[in-house]
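A.B. asks: next one to model:
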Amino acid sequence: MPSRSDEPAKVLAELEHVRSEVRAAQSALLRDWRSEGPLGRFADSAANLAAYIALRRLDLTDLQPRLAALGLSSLGRCEGHVLATLDAVLLALRRMCGRSRPRASPLGTGTLADTSSSLRQATDRLLGAPPYPRRTRFMVTLPLSAARDSRFVDTLVEHGMDCARINAAHDQSEDWIAMVKQVRRAAARYGRSVKILVDLPGPKLRTGPLPPGPAVLHLKVKRDPLGRLLACGRMILDGSGRPGHDATPAPGEPESLARLSLPPAWIARLRMTDSIAFRDLRGRRRTLKVVGRLDEQQVIVACERGAYISPGLVFERRSRAGVRQRSTVGPFAAPPVRVRIVTGDRLLLSSTPDAGRPEQRRADGRVESPAVIGCIEPSVFDHLEPGQTVKIDDGKVTALIEHVDHRGAMLKIVHAPPRGATLGPDKGLNFPDTLLPAHGLDQRDHSALRFAAEYADIVGYSFVQSGAEMDALHRSLASLTRRRLGVIAKIETAVALQNLPGIIVRGASHGPFGVMIARGDLAVEIGYLRLAEVQEELLWLCEAARVPVIWATQVLEGLIKRGTPTRAEVTDAATAERAECIMLNKGPYLPQALDTLTNLVGRMSRHQSKKTARFSPLPW
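C.D. replies: Model prediction:
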């Protein structure tokens with residue numbers, strides 16, 4: 001049996017072999033990357049990234065505990081300085097074995113401090129310096145109301161927004177311009193630098209339109225199990241003549257309140273003390289209370305009992321002074337028909353985008369033909385095959401393809417919520433088993449890119465899948481502006497995950513660059529069970545490349561939407577502190593979420609920096 005004194009020599013021999021293999025693989029990777037284009041100022045970080053990839057191709061699970069038993073680094077925190085860590089451990093082992101110090105390798109230089117500085121500088125170039133003492137930046141997705149409500153944008157900046165995200169998949173260019181102006185004005189007022197990110201729409205596959213159903217609004221209330229009222233039904237009475245037009249909500253109000261069109265003069269006379277009486281479609285007496293006013297043409301009303309409302313119903317205003325004044329509900333856009341499915345159903349995914357309709361049944365209740373939902377991109381069907389998976393509405397529904405023909409793909413629903421699901425237009429479609437061709441930038445992307453070149457600081461590349469696409473994006477930007485905009489690669493597909501090193505190298509070689517872990521689409525693509533490990537791997541790889549990471553999707557979602565976070569959300573947000581930036585989605589409680597996030601990252605930064613534990617004093 002070998003003596004314990006032999007162990008340092010054995011470990012030394014193994015680690016020298018590891019370093020040799022890392023250097024050889026690193027050189028091969030760097031040759032490949034340089035053949036695709038110059039690396040520029042990213043060359044040093046690219047060398048470290050190549051070394052890290054080479055190291056992680058090896059199985060070190062047996063060597064690591066033996067290194068730790070000798071009191072040495074187990075290489076578990078070497079992401080940002082791979083060869084420097086290997087050389088430091090080799091030096092210690094050689095001294096243990098009584099050997100002289102070897103000549104240092106020129107690629108083995110660099111320390112943890114150097115790495116932290118490189119990553120900090122790369123983050124500052126992309127996102128600007130964070131407000132002291134916070135290291136983590138906060139990105140906020142702007143709602144449409146930010147285009148009109150200056151006080152709301154002021155509040156976001158005051159509470160710590162460092163980057164404002166404009167999603168170019170929604171709204172119009174005039175709305176985006178108004179958002180930019182509001183953010184620039186608020187940043188100047190508070191003496192802060194707030195970056196503007198414009199997210200390109202990208203080729204997200206979605207369900208097609210559905211025909212309108214009956215023009216009926218079901219105003220719902222919320223009750224507890226004993227039937228006691230928890231929340232009134234709310235809607236907006238709109239005198240603008242644009243009942244479908246989005247308008248600025250009142251503080252704390254969601255942006256999705258239904259709207260009824262009524263004459264502007266009648267709306268203008270409504271007071272906060274007024275009530276509105278009517279009979280709904282079922283002949284039931286109902287009363288609306290005026291609870292808020294958005295402007296002269298829009299008021300918010302609430303009802304304590306459910307009601308069905310359609311155009312032509314008579315509303316009667318009743319004031320405390322006894323004034324009664326009638327008006328008629330005007331036309332409003334009918335909601336789409338409901339396509340209801342449950343597990344076990346069949347669903348035709350049609351190659352005709354607007355072919356959607358509910359299932360058709362015979363008089364005896366048997367299904368005559370299954371429900372149909374369209375796909376906005378017919379070319380997808382050229383790549384579909386039986387047995388492949390289709391996920392609908394961000395993974396809420398999972399189906400398998402039974403067969404493909406001239407109509408589209410017949411699906412068998414293998415998973416839906418217990419009470420079924422309602423499919424609507426513009427819902428996400430994912431094909432995780434299907435290799436779809438890269439689309440590059442389409443017309444909508446180019447339109448958003450022109451806007452970003454004039455108004456933004458950063459471009460978010462949605463659904464990027466390769467380094468070649470990063471090069472194409474930069475060529476397009478160079479043709480539009482001389483300004484060097486930052487670029488964020490949004491990792492949303494399994495293909496992008498596989499090609500991540502090339503995306504990083506080609507993206508960072510051109511200028512300020514970062515990676516967004518877009519956990520929504522990514523989870524649908526790779527499966528929720530893999531998301532936790534994959535987001536860790538993304539953090540490691542980006543630290544090795546010394547590029548900043550944006551942690552996105554559903555951070556503190558319950559707090560933002562409802563005012564109260566879940567325990568799981570708080571834990572997730574605390575974990576997000578390891579990223580350089582955290583993104584929040586829109587919702588009525590955004591300021592509170594920013595405050596909570598400031599508290600969380602401040603606490604966590606005392607205990608952890610990336611993967612490294614920090615030994616701040618504990619209270620016992």
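A.B. asks: where does this structure have low pLDDT?
C.D. replies: Where the chain drops to pLDDT under 70, the residues are 1-4, 100-115, 242-256.
A.B. asks: which SS class is T273?
C.D. replies: The three-state label given to T273 by DSSP: H, G, I helix; E, B strand; the rest coil is coil.
A.B. asks: what's the local residue count around it?
C.D. replies: Neighbour count for T273, taken as other C-beta atoms under 10 Å: 11. In this view, the C-beta of every residue, glycine as well, is placed from N, C-alpha and C.
A.B. asks: my read: it touches R320, true?
C.D. replies: Yes. Between T273 and R320 there is a contact under C-beta atoms under 8 Å: 5.2 Å.
A.B. asks: show me the helices in the stretch 251-400 of the chain, by range?
C.D. replies: Shown for the stretch 251-400 of the chain, the helices assigned by DSSP state H, counting those that start in this stretch span residues 264-269.
A.B. asks: cool, the stretch 501-620 of the chain as well?
C.D. replies: For the stretch 501-620 of the chain, applying DSSP H, counting those that start in this stretch gives helices covering 519-526, 528-545, 557-562, 567-575, 590-605.
A.B. asks: ok, now which ones touch G428?
C.D. replies: By C-beta atoms under 8 Å, 6 or more residues apart in numbering, G428 lies in contact with K204, L205, R206, K391, I392, D393, D394, D521, V524.
A.B. asks: 10 Å instead?
C.D. replies: Residues in contact with G428 (C-beta atoms under 10 Å, 6 or more residues apart in numbering) are 204-207, 391-396, 520-521, 524.
A.B. asks: quick one on the thing from earlier: in CSV, list the helices of the stretch 501-620 of the chain along with distance to A50 and mean neighbour count.
C.D. replies: Output for those, formatted as CSV (distance: least, C-beta to C-beta, whole Å; neighbours: other C-beta atoms under 10 Å):
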stretch, distance to A50, mean neighbour count
helix 519-526, 24, 22
helix 528-545, 9, 18
helix 557-562, 37, 18
helix 567-575, 28, 15
helix 590-605, 30, 19
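A.B. asks: looking at it, V495 is touching F431, isn't it?
C.D. replies: No. V495 lies out of contact with F431 (C-beta atoms under 10 Å); the separation is 11.1 Å.
A.B. asks: shared neighbours, these two?
C.D. replies: Residues touching both V495 and F431 (C-beta under 10 Å, 6+ apart) are E525.
A.B. asks: so between the two, which is more surrounded?
C.D. replies: Counted by other C-beta under 10 Å, V495 and F431 do not tie: F431 has more neighbours, with 20 against 17.
A.B. asks: the more buried one and V157: what is the separation?
C.D. replies: Per C-beta to C-beta, to the nearest Å, F431 is found 40 Å from V157.
A.B. asks: with R444 instead?
C.D. replies: Distance from R444 to V157, counting by C-beta to C-beta: 29 Å.
A.B. asks: then L30?
C.D. replies: According to C-beta to C-beta, L30 and V157 sit 42 Å apart.
A.B. asks: spit out the contact partners of Q297.
C.D. replies: Residues in contact with Q297 (C-beta under 10 Å, 6+ apart) are I236, L237, D238, G239, S240, G241, R242, A247, L262, P264, I267, A268.
A.B. asks: correction: A453
C.D. replies: Here A453 is in contact with V198, V459, S476, L477, A478, S479, L480, T481, R482, R483, L485 (C-beta under 10 Å, 6+ apart).
A.B. asks: give me the neighbour count for the fifth one.
C.D. replies: Spelled out, that is A478. The number of residues near A478, taken as other C-beta under 10 Å, comes to 12.
A.B. asks: same question for the third one.
C.D. replies: Other residues near S476 come to 17 when the count uses other C-beta under 10 Å.
A.B. asks: check H81 too.
C.D. replies: Close neighbours of H81, defined as other C-beta under 10 Å, add up to 27.
A.B. asks: shouldn't it be in contact with N48?
C.D. replies: Yes. Using C-beta under 10 Å, H81 is in contact with N48, at 6.8 Å.
A.B. asks: just to revisit the earlier point, now render the helices of the stretch 501-620 of the chain as CSV, adding distance to G292.
C.D. replies: Putting the helices of the stretch 501-620 of the chain into CSV (distance: least, C-beta to C-beta, whole Å) gives the following:
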stretch, distance to G292
helix 519-526, 32
helix 528-545, 39
helix 557-562, 19
helix 567-575, 29
helix 590-605, 19
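A.B. asks: which one of these lies closest to R340?
C.D. replies: Closest to R340 of the helices of the stretch 501-620 of the chain, according to C-beta to C-beta: helix 519-526, at 21.5 Å.
A.B. asks: what angle separates that closest one from helix 528-545?
C.D. replies: Per axes from the mean of the first three to the mean of the last three C-alpha atoms, to 10 degrees, the angle that helix 519-526 makes with helix 528-545 is 120 degrees.
A.B. asks: show me what helix 519-526 is packed up against.
C.D. replies: Applying 3 or more C-beta pairs under 10 Å, 6 or more residues apart in numbering; DSSP states H and E, we find helix 519-526 packed against strand 389-392, strand 429-430, strand 486-491, helix 494-498, helix 528-545, strand 549-552.
A.B. asks: direction included, what does the third one pair against?
C.D. replies: So that's strand 486-491. strand 458-461 (parallel), strand 513-518 (parallel) (DSSP bridges).
A.B. asks: pull out the buried residues from the helix ranked longest in the chain.
C.D. replies: The longest helix of the chain (DSSP state H) is helix 7-36. Residues of helix 7-36 classed as buried: 8-9, 11-12, 14-15, 18-19, 22-23, 25-26, 29-30, 33 (neighbour count, 16 or more other C-beta atoms under 10 Å).
A.B. asks: show the subsequent helix or strand relative to that helix.
C.D. replies: Going down the chain from helix 7-36, the next helix or strand is helix 43-56, by DSSP states H and E.
A.B. asks: which is the next helix or strand following that next one?
C.D. replies: For helix 43-56, the following helix or strand on the C-terminal side (DSSP H and E) is helix 63-69.
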